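Got a sequence here, can you model it:
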Amino acid sequence: MKKLTSFLIATVILVGSGALAYYLVSTAPEPERREPPPQIPFARTARVVAGSGAIPVYGAGTVRPSAEIDIAPLVSGNVVWMNPAFQSGGRIRAGQAIFRIEKEDYLHRLRQVEAELEARRVALFVAKEEAAFARTEFEQYSRQQIEAGASAGEPGPLALKEPQIKAAQAAIDRVESQLADARLALSRTEVRAPFGGYVRHESLDVGQFVTAGQAVGRLFAAEAVEVVVPLSDANAALIPGLWKLRAGDARRRVSARVIAEYGAGSYAWRGYVDRAEVSIDEQSRTIDAVVRVPNPFSSGKPTRGAGQPGSTPPLLVGKFVEVEIQGLVPESYFRVPRPALHPGNEVWTVGEDRKVGIVPVRVLQRVNDEAFVIGALQDGQPVIIGGVQLVTEGMTVRTEEGSAR
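Below you'll find the predicted structure:
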């Protein structure tokens with residue numbers, strides 16, 4: 001009896017649940033019908049911009065001196081005076097005295113040689129007088145022989161004192177050479193700067209004994225600095241006449257701009273490509289272009305975040321800088337966003353009918369977020385920069401502009 005009752009209760013519950021479910025389903029509102037999404041893919045586009053002017057070639061490098069030498073005396077002695085500017089960071093003008101060496105020893109040597117020269121000149125004078133006397137005696141002897149009807153013959157060089165004169169003259173030449181050396185050594189007791197520049201470091205004090213050839217400091221030129229810019233083959237090919245440039249030739253110059261960060265701002269200096277090194281770096285396989293910057297220690301021109309007047313820095317040696325070189329000026333080229341470049345150097349264009357065109361291009365330069373290309377493009381033409389991964393010629397796409405219509 002209990003089993004029957006339980007079965008009936010379970011049956012009622014199942015039937016009631018089914019009826020309730022049927023009621024809920026039958027009375028539920030019908031879902032809103034929507035059109036299926038279109039099958040045409042959506043593409044993000046950007047506009048092509050016609051380029052004008054020179055194509056910039058970008059690089060980077062470290063500032064180095066255009067000339068740098070060791071300061072070393074050519075004679076030995078005690079240092080008796082030193083220029084106060086001859087210290088790390090000091091500025092030395094061209095031809096300015098750097099330090100002086102005690103010169104008394106060299107003055108004594110000079111006086112000794114001068115005295116020796118006077119003695120040699122006297123010896124030459126005596127030799128010439130003796131030669132003149134010998135010639136007079138021989139002439140008298142010759143006349144006597146002729147009067148006696150005999151032949152006097154020709155006098156020999158030794159009889160006329162010619163070897164003695166030559167020896168005395170050679171002695172004078174030797175002493176004059178020694179005199180020139182003594183004067184040169186005396187002049188070298190004062191060491192002067194061969195060019196204007198800054199002292200990188202020094203190790204000299206008054207009273208110090210220095211020897212000839214001993215380096216006591218290092219000086220680098222202030223008139224110009226250089227930046228070695230490693231470039232790929234493609235970028236080097238964009239510099240006009242790169243391999244015709246000659247160092248120091250003002251007639252052939254390719255403009256460049258050097259940009260350095262300082263604090264919260266950046267500053268620029270004008271320069272030019274001076275030359276290219278004719279060997280490829282074995283590790284990076286790049287070509288080194290040398291950019292020369294005149295007057296680097298004058299203030300740079302602010303380009304971003306300029307500081308207060310008078311706070312602009314010089315172009316410091318050893319600073320890592322960015323370089324912008326003025327490249328070739330093609331007859332026509334275009335600037336496109338870098339995402340518009342697809343494998344195989346292709347650009348996918350979108351026509352007014354939203355049909356895709358595949359245009360092969362030649363890439364001249366890639367700079368930050370854009371590329372400089374040559375190809376069958378038009379100014380203002382839409383190109384695909386995202387949204388689709390693969391396209392075929394003539395396929396239809398949706399774009400932002402097409403969706404708005």
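
Spatially central, which residue of the protein would that be?
Among the residues of the chain, the one closest to the centroid is residue 227, at 1.7 Å (Cα atoms, centre = their mean).

tell me the mean pLDDT over the one helix or strand that one maps to?
Per DSSP states H and E, residue 227 falls inside strand 224-231. What strand 224-231 shows for mean pLDDT is 95.

hang on, the earlier thing: so the residue nearest to the centre of the chain makes contact with residue 63?
Yes. In this structure, residue 227 is within contact of residue 63 by Cβ atoms under 8 Å, at 5.6 Å. Yep, even glycine has a C-beta here, placed from its N, CA and C like the rest.

Next, show the common contact partners of these two.
Common neighbours of residue 227 and residue 63, using Cβ atoms under 8 Å, 6 or more residues apart in numbering, are 258, 293, 321.

Most neighbours out of those residues, which is it?
Greatest neighbour count in these, by other Cβ atoms under 10 Å, goes to residue 258: 27 neighbours.

What are the boundaries of the helices in this protein?
2-27, 104-147, 162-187, 233-236, 400-404 (DSSP state H).

Send me the longest strand seen in the chain as PDB with only the CA atoms.
Longest strand in the chain, counting residues (DSSP state E): strand 265-280. The C-alpha trace of strand 265-280 is given here as PDB (Å, rounded to 0.1, in the frame of the first residue of the first chain):
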ATOM      1  CA  GLY A 265      64.700  68.400 -22.900                       C
ATOM      2  CA  SER A 266      66.600  67.700 -26.100                       C
ATOM      3  CA  TYR A 267      68.900  70.000 -28.100                       C
ATOM      4  CA  ALA A 268      70.200  69.900 -31.600                       C
ATOM      5  CA  TRP A 269      73.400  70.900 -33.400                       C
ATOM      6  CA  ARG A 270      74.000  71.400 -37.100                       C
ATOM      7  CA  GLY A 271      76.700  69.200 -38.800                       C
ATOM      8  CA  TYR A 272      77.500  67.400 -42.000                       C
ATOM      9  CA  VAL A 273      78.600  64.000 -43.200                       C
ATOM     10  CA  ASP A 274      82.400  64.400 -43.500                       C
ATOM     11  CA  ARG A 275      83.200  61.000 -44.900                       C
ATOM     12  CA  ALA A 276      82.500  57.300 -44.800                       C
ATOM     13  CA  GLU A 277      84.900  54.600 -43.600                       C
ATOM     14  CA  VAL A 278      85.800  52.300 -46.400                       C
ATOM     15  CA  SER A 279      85.500  49.100 -44.400                       C
ATOM     16  CA  ILE A 280      82.500  47.200 -43.000                       C
END
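
That one versus strand 224-231: what angle between them?
70 degrees (axes from the mean of the first three to the mean of the last three Cα atoms, to 10 degrees).

So which elements touch strand 265-280?
strand 224-231, strand 254-262, strand 287-294, strand 301-304 (3 or more Cβ pairs under 8 Å, 6 or more residues apart in numbering; DSSP states H and E).

and of these, who's closest to residue 57?
For those, proximity to residue 57 was assessed by Cβ to Cβ; strand 224-231 is nearest, at 7.0 Å.

so how far is that closest one off the chain centroid?
1 Å (Cα atoms, centre = their mean, to the nearest Å).

Which positions in it come out as buried?
224-231 (16 or more other Cβ atoms under 10 Å).

Packing partners of that strand?
Secondary elements touching strand 224-231 (3+ Cβ pairs under 8 Å, 6+ apart): strand 56-65, strand 265-280, strand 287-294, strand 320-326.

What mean pLDDT does stretch 124-144 get?
Taken as a whole, stretch 124-144 has a mean pLDDT of 77.

What would it look like as CSV? C-alpha coordinates only.
Provided in CSV are the C-alpha atoms of stretch 124-144 (Å, rounded to 0.1, in the frame of the first residue of the first chain):
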residue,chain,number,x,y,z
LEU,A,124,138.5,79.1,-40.5
PHE,A,125,139.8,82.7,-40.7
VAL,A,126,143.3,81.6,-39.8
ALA,A,127,143.1,78.8,-42.3
LYS,A,128,142.1,81.2,-45.0
GLU,A,129,144.8,83.6,-44.1
GLU,A,130,147.4,80.9,-44.2
ALA,A,131,146.1,79.7,-47.5
ALA,A,132,146.4,83.3,-48.9
PHE,A,133,150.0,83.6,-47.6
ALA,A,134,150.9,80.2,-49.1
ARG,A,135,149.5,81.3,-52.5
THR,A,136,151.5,84.6,-52.3
GLU,A,137,154.7,82.7,-51.6
PHE,A,138,154.1,80.3,-54.4
GLU,A,139,153.4,83.1,-56.8
GLN,A,140,156.8,84.7,-55.8
TYR,A,141,158.5,81.4,-56.2
SER,A,142,156.9,81.0,-59.7
ARG,A,143,158.2,84.4,-60.9
GLN,A,144,161.7,83.6,-59.7
